[in-house]
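**Q** just coords:
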Ligand SMILES: Cc1cc2nc3c(=O)[nH]c(=O)nc-3n(C[C@H](O)[C@H](O)[C@H](O)COP(=O)(O)OP(=O)(O)OC[C@H]3O[C@@H](n4cnc5c(N)ncnc54)[C@H](O)[C@@H]3O)c2cc1C
Ligand code: FES
């Protein structure tokens with residue numbers, strides 16, 4: 001069932017120079033990994049993961065364009081629309097898991113890490129970002145996981161990518177969950193499949209309706225908003241577009257934007 005509400009923002013926390021968390025009162029059941037559509041009046045509607053689902057509710061947003069810039073300029077007391085929840089979530093199994101988190105991907109993965117921790121599942125975590133200042137949820141992950149950090153510029157932890165430290169970290173875990181830049185997830189999925197470790201990854205595509213109707217989010221015939229955003233390693237391995245193509249706002253297939261370095 002779709003719930004549509006207009007909410008007041010209660011609190012805003014600056015997480016990094018480009019990322020803020022917005023807390024609000026919203027009570028519907030949601031599984032870690034599911035998303036909502038956030039409406040910024042007069043500007044845009046955008047898909048966002050719930051980054052806090054237990055003690056309080058919130059979304060964590062990177063300022064990348066018109067809609068997210070408008071959200072970043074809001075103050076506590078301002079109103080936004082929310083509809084959802086939509087999509088599927090992570091299905092966590094086993095006694096020990098590895099979470100591989102890149103950039104804003106922590107917004108999707110953190111509630112899954114919290115759920116695992118509540119169920120006494122041990123969590124190892126590889127957290128990557130461009131710089132120390134852009135490491136998202138460092139304290140939250142430090143408290144909940146056996147944490148290793150990588151930064152592109154070497155300002156904290158391993159100098160390089162989160163993928164560099166994952167090969168070793170995959171030993172002895174029952175499954176891997178990941179969310180981050182698609183080239184990073186592609187590498188992690190290939191690594192996990194090679195090692196025979198089950199993996200689930202959350203994909204980002206251009207979403208318009210979030211309801212499975214418009215087709216803007218399709219990857220190899222599957223709708224990210226309904227069959228995803230979380231897909232298994234087997235599904236991702238069969239997607240020809242995964243790690244290669246994205247779609248623009250009019251649904252046209254285009255080569256995936258890659259960061260300057262390869263993961
Ligand atoms: C399931 C899902 C969960 C997401 N969760 C988060 C989250 O928790 N935090 C977060 O910061 N971001 C999240 N995103 C990405 C976020 O939706 C986009 O960054 C946002 O919509 C950009 O809007 P904009 O107007 O600021 O940018 P624009 O100026 O419109 O575009 C900037 C970039 O964002 C992409 N984009 C624009 N609109 C959409 C859209 N409707 N859907 C997907 N991509 C879009 C564009 O392709 C472009 O690369 C998620 C995306 C998906 C699909
Ligand atoms: S966003 Fe419309 S079908 Fe997925």
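**A** Done, it's in. A quick note: this is a predicted structure, and the numbers were derived from the prediction, not measured. Ligands and ions are numbered 1, 2, ... in the order given.
**Q** Where is the longest strand in this protein?
**A** Longest strand in the chain by number of residues (criterion: DSSP state E): strand 3-16.
**Q** What residues sit buried inside that one?
**A** 7, 9, 12, 15, 16 (16 or more other CB atoms under 10 Å). The C-beta positions use only the backbone N, C-alpha and C, and glycine is treated the same way.
**Q** hang on, the fourth one packs against residue 58?
**A** No: here residue 15 lies out of contact with residue 58, judged by CB atoms under 8 Å, at a distance of 10.6 Å.
**Q** shared neighbours, the two?
**A** Both residue 15 and residue 58 are contacted by residue 21, under the criterion CB atoms under 8 Å, 6 or more residues apart in numbering.
**Q** before we move on, back to that, is ligand 1 contacted by the helix or strand that the longest strand of the chain is followed by?
**A** Next along the chain after strand 3-16, taking DSSP states H and E as the criterion, comes strand 19-24. No: Strand 19-24 does not reach ligand 1 (CB under 6 Å from any ligand atom); its nearest approach is 7.1 Å.
**Q** Direction included, what does strand 19-24 pair up with?
**A** With DSSP bridges as the test, strand 19-24 is paired with strand 3-16 (antiparallel), strand 57-62 (antiparallel).
**Q** Dump those strands to JSON lines, plus distance to residue 199 and mean pLDDT.
**A** Conversion of the strands paired with strand 19-24 to JSON lines gives the following (distance: least, CB to CB, whole Å; pLDDT from 0 to 100):
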{"stretch": "strand 3-16", "distance to residue 199": "26", "mean pLDDT": "97"}
{"stretch": "strand 57-62", "distance to residue 199": "23", "mean pLDDT": "98"}
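**Q** TSV for the ones you listed, including distance to residue 146?
**A** Listed next are the strands paired with strand 19-24 as TSV, based on distance: least, CB to CB, whole Å:
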stretch	distance to residue 146
strand 3-16	22
strand 57-62	22
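**Q** near ligand 1, which residues of the stretch 51-200 of the chain show up?
**A** With the criterion set to CB under 6 Å from any ligand atom, the stretch 51-200 of the chain comes near ligand 1 through 51, 59, 60, 61, 62, 64, 65, 66, 67, 68, 104, 107.
**Q** List the beta-bridge partners for the second one.
**A** With DSSP bridges as the criterion, the beta-bridge partners of residue 59 are residue 22, residue 50.
**Q** Skipping adjacent residues, who's closest to residue 232 in space?
**A** Using CB to CB, 6 or more residues apart in numbering and skipping residues adjacent in sequence, the residue nearest residue 232 is residue 200, 5.7 Å away.
**Q** A strand includes that neighbour, no?
**A** Yes: when DSSP: H, G, I helix; E, B strand; the rest coil is applied, residue 200 is found to be in a strand.
**Q** All the strands of the stretch 1-150 of the chain, in order from the start?
**A** Using DSSP state E, counting those that start in this stretch, the strands of the stretch 1-150 of the chain run over 3-16, 19-24, 35-40, 44-52, 57-62, 79-86, 96-102, 122-129, 146-151.
**Q** Residue of the chain nearest ligand 1, please.
**A** Taking CB to the nearest ligand atom, ligand 1 has its nearest neighbour within the chain at residue 65, 1.9 Å off.
**Q** How confident was the prediction at that residue?
**A** In this model, residue 65 is scored at 95, pLDDT.
**Q** Now do the same contact list for it.
**A** Contacts of residue 65 (CB under 8 Å, 6+ apart): none.
**Q** distance of it from residue 29?
**A** 30 Å (CB to CB, to the nearest Å).
**Q** Please name the nearest non-neighbouring residue to the residue of the chain most remote from its centre.
**A** For the chain, the largest distance from the centre (CA atoms, centre = their mean) belongs to residue 77, which lies 26.3 Å off. Leaving out its chain neighbours, the residue that sits closest to residue 77 by CB to CB, 6+ apart is residue 8, at 6.0 Å.
**Q** Surely the one you found and residue 81 touch.
**A** No: shown here, residue 8 and residue 81 do not form a contact pair, counting by CB under 8 Å, at 11.5 Å.
**Q** how does the chain divide into domains?
**A** Here the domain parsing of the chain from automatic domain parsing is 3-86, 96-255.
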